[in-house]
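**Student:** any chance you could fold what I've pasted below:
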Amino acid sequence: MSRRILFLVSHAPRRGALGAELLDELLIGAAFEQRVSLLFVGDGVYQLADGTGGSSARGLRALPTYDVTDVFVERAAVKARNLDAERFVIPARSLARPAIRRLIATQDVVVPD
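**Tutor:** Down below sits the predicted model:
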């Protein structure tokens, strides 16, 4: 039975090995056929911005290879940081906070960064 696992990214890129470790955990979950999702909130939205994610951007581009297609971003965080969602390194569905709460409530496990 597969579990629903949501990885929550709230920190900006370049915080040491944090981004790489989270990405490794996510890919391991996906490799073991878990239902993996990814949610970027707060400064974590910078991970998606083209040109700011460093090596994590390359890892994010590999997600579809592992059938990780449920990628979400906090709408208010994107707007507050004046980011252009069209320039994200991977497509992400924009969610308002009430939808984020509902998403989190449907998960079996939430893994923060």
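
**Student:** just the helices in the protein please.
**Tutor:** 18-31, 55-61, 75-80, 97-105 (DSSP state H).

**Student:** how near is residue 95 to residue 45?
**Tutor:** Between residue 95 and residue 45 the distance, using Cβ to Cβ, to the nearest Å, works out to 12 Å. Quick note: C-beta positions are derived from backbone N, CA and C, even for glycine.

**Student:** and for the two, which residues touch both?
**Tutor:** Listed as contacting both residue 95 and residue 45 by Cβ atoms under 8 Å, 6 or more residues apart in numbering are 73, 74.

**Student:** higher neighbour count, the two?
**Tutor:** For the pair residue 95 and residue 45, the greater number of neighbours falls to residue 45 (26 against 18), based on other Cβ atoms under 10 Å.

**Student:** so who does that one touch?
**Tutor:** 73, 74, 77, 78, 81, 83.

**Student:** any chance of those residues in a markdown table, plus neighbour count and distance to residue 1?
**Tutor:** What follows is these, written out as a markdown table (neighbours: other Cβ atoms under 10 Å; distance: Cβ to Cβ, whole Å):
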| residue | neighbour count | distance to residue 1 |
| --- | --- | --- |
| 73 | 25 | 29 |
| 74 | 22 | 29 |
| 77 | 19 | 33 |
| 78 | 20 | 34 |
| 81 | 13 | 38 |
| 83 | 18 | 37 |
